[in-house]
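In: the amino acid sequence is not available; the structure is as follows:
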């Protein structure tokens with residue numbers, strides 16, 4: 001292995017271990033996930049999650065479900081005009097992004113098996129209509145975390 005490749009692997013590993021919302025990529029696909037986080041929930045049984053899915057391919061895909069061992073159920077929610085509604089899937093546009101953010105589209109973790117604490121990591125499996133599943137390590141941040149400032 002070359003020095004550049006070794007350095008690249010070490011840097012990638014360090015970012016993932018640090019929980020910096022690094023990028024996860026599905027094997028054999030052009031989908032990747034970045035900026036994933038869960039604010040530490042105030043409720044013992046429910047939490048929200050946010051991330052960005054990037055599709056570098058020329059083909060639309062669709063996020064159809066999310067699972068985790070940390071919750072009984074993960075549902076997909078769309079927010080339009082201040083109203084939240086559960087949906088069965090989200091389009092991941094070709095050469096585009098699907099963004100989950102506070103006040104917008106988000107994941108709802110329901111029936112939490114234990115209340116996640118800041119510093120924990122939640123492992124998710126994202127399932128798509130066309131691409132293979134994608135495993136994501138979602139860090140738990142402070143309840144007031146703001147991704148635009150990193151605090």
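Out: On my side now, so go ahead. A quick note: this is a predicted structure, and the numbers were derived from the prediction, not measured.
In: the residue lying closest to residue 44 once chain neighbours are set aside: neighbour count?
Out: The shortest distance from residue 44 to any residue other than its chain neighbours is 4.9 Å, reached at residue 115 (C-beta to C-beta, 6 or more residues apart in numbering). Just so you know, the C-beta spots here come from the backbone N, C-alpha and C atoms, and that holds for glycine as well. Other residues near residue 115 number 15, with proximity taken as other C-beta atoms under 10 Å.
In: separation between residue 115 and residue 144?
Out: Distance of residue 115 to residue 144, computed by C-beta to C-beta, to the nearest Å: 17 Å.
In: next one: residue 134
Out: When C-beta to C-beta is applied, the distance between residue 134 and residue 144 equals 28 Å.
In: ok, residue 57 next?
Out: Counting by C-beta to C-beta, the gap from residue 57 to residue 144 is 36 Å.
In: give me the more crowded residue out of the two.
Out: For the pair residue 57 and residue 144, the greater number of neighbours falls to residue 57 (14 against 8), based on other C-beta under 10 Å.
In: quick one: that one is in a helix?
Out: No - residue assignment for residue 57, taken from DSSP: H, G, I helix; E, B strand; the rest coil, gives coil, which places it outside any helix.
In: that one touches residue 30, doesn't it?
Out: Yes - taking contacts as C-beta atoms under 8 Å, residue 57 lies within contact range of residue 30: 3.7 Å.
In: quick check: beta-bridge partners of residue 90?
Out: On DSSP bridges, the residues paired with residue 90 through beta bridges are residue 63.
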